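J.: structure for the following, please:
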Amino acid sequence: MQVWKDYQEKNKDRFLNELLELLRIPSVSAKAEHKPDMIACAEAVKQRLVEAGVDKAEIHETAGHPVVYAEKMIDPAKPTVLVYGHYDVQPAEPLELWKSGPFDPTIIDGKIFARGSCDDKGQMYMHVKALEMLIQTNTLENNIKFCIEGEEEVGSPNLGKFVSANKELLKADCVLISDSAMISLETPSLDIGLRGLSYIEVEVTGPNRDLHSGVYGGAVANPITILAQMIASLHDANHHITIPGFYADVLESSDEERKLMAEAPFNEAEYKADLGIVELWGEKGYSTNERTGIRPTLELNGIWGGYTGEGAKTVLPSKAFAKISARLVPNQNSKKIADLLINHFHTIAPPYVTIKATLHHGGEPYLTPIDSKAYQAASKAMETTFGKIPIPVRGGGSIPICSLFEKELGVKVVLMGFGLDSDNLHSPNEKFDLANFYKGIETIPYFHKYFTTP
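T.: Next comes the predicted model:
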């Protein structure tokens, strides 16, 4: 609609400056030292929603970081869309690899470089500005609610309790989320599924104290060596996960779905060049897109132990640690997989070390039916602004709350992401293209329009 285009063009610089202010708040949920920043960011999100025109905006305390709730109810009889997003961000380390300050947003070549620029402040804020645009142009035809949490990056440990206790408050006809990616501005796509997650930490203990590696080396097992051997055994020569029962519940994709996935453009040479690697790696028998979408994976996220400071220290360490995550596909259960992982480490541990394995957090995989009204509205909205029907794809990341919302609220979730896989999510130099930011604001009003239309 021309009225939307005119309003966005008139206010686009203000939209951007408001986002930059949010990005300057270091709302790192994983670090206790940032608790004041988390509160400040929640207050800022609430204020922006008020300025956008909501009728009610509230901050709900949880056992962890607060949830921001807001609503614009024009008629209870009309359809209601619940927008979910999160204001917390990943830690920015290693800081030395950033080209600019992670919380000093910098625009270079039409891209906003900052922690949270894409995941998820930039994408969440598109919805706030889309609501403002609908209200100010007097074109809002449905009810919109917002649930913006502050713990997504630590596994949303308190969101389940909040949703369960506030079902009536959050009651809606669908949940709309922009916390994912699309192929490109030239080839729009919609995620029809996300993988689940099981995340554990393993502690291996050998001797009761750090030892002199010359005096005891060769006589006492080194926990780092043993841990490395156990981790290496988790994949076979075909990069297939060796844990018994790991694949037992995997929902195998049909030939038709694999054929549809193959239609998505993929340039292997560009993919490798962007990552700075010579060859790709993954489960034999599957394409790269399949490995990151329809197949479960097991990754080592961190490993440490012994002396890692400057210079040399000849030590045989007492302990070694690793953080390990599994990405799950439909029909796999995060608790069941976590139990498999933990039990497997106890099973394969040799007698000269002891094992302690604990669960950090997890979440379930999710599939969105492409025949749902919400998906069809998102597809038509993208077709309207991009001029192309978006390709349905399976995303490799995890948004555990998708299955939670469907279970507690009884509605479907639609994933309409405007980020790119190359946006360095969770990495140094995270970025969000201005073109994608503005395209999201342009497209989202059409979702509401088409979801409301009978």
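
J.: going forward, measure contacts between C-alpha atoms and count neighbours the same way
T.: Noted.

J.: outside of the lowest-mean-pLDDT helix or strand in the chain, which residues touch it?
T.: Lowest on mean pLDDT, DSSP states H and E among the helices and strands of the chain sits helix 255-262, with a mean of 85. With Cα atoms under 8 Å, 6 or more residues apart in numbering as the contact definition, helix 255-262 has outside contacts at 289-290, 392-393.

J.: may I see the buried residues of that helix?
T.: M261 (16 or more other Cα atoms under 10 Å).

J.: could you dump that helix to PDB, C-alpha only?
T.: Extracted in PDB, the C-alpha atoms of helix 255-262 (Å, rounded to 0.1, in the frame of the first residue of the first chain):
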ATOM      1  CA  ASP A 255      11.900 -37.700  -1.500                       C
ATOM      2  CA  GLU A 256       9.500 -34.900  -2.300                       C
ATOM      3  CA  GLU A 257      10.700 -32.700   0.500                       C
ATOM      4  CA  ARG A 258      14.300 -33.400  -0.300                       C
ATOM      5  CA  LYS A 259      13.600 -32.500  -3.900                       C
ATOM      6  CA  LEU A 260      11.900 -29.200  -2.800                       C
ATOM      7  CA  MET A 261      14.900 -28.400  -0.600                       C
ATOM      8  CA  ALA A 262      17.200 -29.000  -3.600                       C
END
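
J.: beyond it, next helix or strand please.
T.: helix 268-275 (DSSP states H and E).

J.: just how off-centre is that next one within its chain?
T.: 22 Å (Cα atoms, centre = their mean, to the nearest Å).

J.: could you do stretch 266-279 as well?
T.: With Cα atoms, centre = their mean, you get 23 Å for stretch 266-279.

J.: average pLDDT across that stretch?
T.: The average pLDDT for stretch 266-279 rounds to 94.

J.: and the end-to-end length of that stretch?
T.: 15 Å (Cα to Cα, to the nearest Å).

J.: what does it contact?
T.: Stretch 266-279 has contacts (Cα under 8 Å, 6+ apart) with L280.

J.: helices of the stretch 1-150 of the chain, start to end?
T.: 2-23, 35-52, 121-136 (DSSP state H, counting those that start in this stretch).

J.: just say which of these is most tucked in.
T.: Highest mean neighbour count of those: helix 121-136, a mean of 24 (counted as mean count of other Cα atoms under 10 Å).

J.: elements contacting that one?
T.: helix 2-23, helix 35-52, strand 80-86, helix 434-452 (3 or more Cα pairs under 8 Å, 6 or more residues apart in numbering; DSSP states H and E).

J.: check whether the residue of the chain most remote from its centre sits in a helix, strand or coil.
T.: No residue in the chain sits farther from the centre than V215, which is 47.3 Å out by Cα atoms, centre = their mean. Counting by DSSP: H, G, I helix; E, B strand; the rest coil, the backbone at V215 sits in helix.

J.: got the contact list for it?
T.: Contact analysis of V215 by Cα under 8 Å, 6+ apart lists nothing.

J.: how about the helices in the stretch 301-450 of the chain?
T.: According to DSSP H, counting those that start in this stretch, the helices that the stretch 301-450 of the chain contains are 334-348, 373-386, 401-409, 434-452.

J.: now render the ones you listed as CSV, adding distance to E51.
T.: Shown next, in CSV, are these (distance: least, Cα to Cα, whole Å):
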stretch, distance to E51
helix 334-348, 40
helix 373-386, 25
helix 401-409, 27
helix 434-452, 16
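
J.: quick one: closest of these to N158.
T.: Among the helices of the stretch 301-450 of the chain, helix 401-409 comes nearest to N158, with 10.7 Å by Cα to Cα.

J.: give the other helices and strands that that closest one contacts.
T.: Using 3+ Cα pairs under 8 Å, 6+ apart: helix 401-409 touches helix 159-165, helix 167-170, strand 413-415.

J.: try it again at 10 Å.
T.: Contact partners of helix 401-409 among helices and strands, from 3 or more Cα pairs under 10 Å, 6 or more residues apart in numbering; DSSP states H and E: strand 80-86, helix 159-165, helix 167-170, strand 174-177, strand 196-205, strand 354-363, strand 366-367, strand 413-415.

J.: contacts for the fourth one?
T.: What that stands for is strand 174-177. 79-86, 123-124, 127, 145-147, 372-375, 378, 399, 402, 405-406, 409-417, 444, 447-448, 451 (Cα atoms under 10 Å, 6 or more residues apart in numbering).

J.: among those, name the buried ones.
T.: 79-86, 123-124, 127, 145-147, 373-375, 378, 399, 402, 405, 409, 411-417, 444, 447-448, 451.

J.: of all the helices and strands packed on helix 401-409, which lies closest to A32?
T.: Judging the helices and strands packed on helix 401-409 by Cα to Cα, what sits closest to A32 is strand 354-363, at 16.5 Å.

J.: angle of that closest one against strand 196-205?
T.: 160 degrees (axes from the mean of the first three to the mean of the last three Cα atoms, to 10 degrees).

J.: can you point out the buried residues in strand 354-363?
T.: Of all the residues in strand 354-363, those buried under the rule 16+ other Cα under 10 Å are 355, 357-363.

J.: next, format those residues as CSV and append distance to T347 and pLDDT.
T.: Putting these into CSV (distance: Cα to Cα, whole Å; pLDDT from 0 to 100) gives the following:
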residue, distance to T347, pLDDT
I355, 10, 97
A357, 12, 97
T358, 15, 96
L359, 17, 94
H360, 20, 90
H361, 22, 85
G362, 22, 88
G363, 25, 88
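
J.: neighbours of G245, how many?
T.: G245: 11 surrounding residues under other Cα atoms under 10 Å.

J.: thinking again about what came up before, looking at the helices and strands packed on helix 401-409, which is closest to S184?
T.: strand 413-415 (15.4 Å).

J.: who does that closest one touch, helix- and strand-wise?
T.: Using 3+ Cα pairs under 10 Å, 6+ apart: strand 413-415 touches strand 80-86, strand 174-177, strand 189-194, strand 366-367, helix 373-386, helix 401-409.

J.: and the angle from the last one to strand 354-363?
T.: Interaxial angle of helix 401-409 relative to strand 354-363 (the same axes, to 10 degrees): 60 degrees.

J.: list the contacts of helix 401-409.
T.: Contact with helix 401-409 is made by 84, 152, 155-156, 159-160, 163-168, 170-177, 193-194, 196, 363-368, 410-415, as judged by Cα under 10 Å, 6+ apart.
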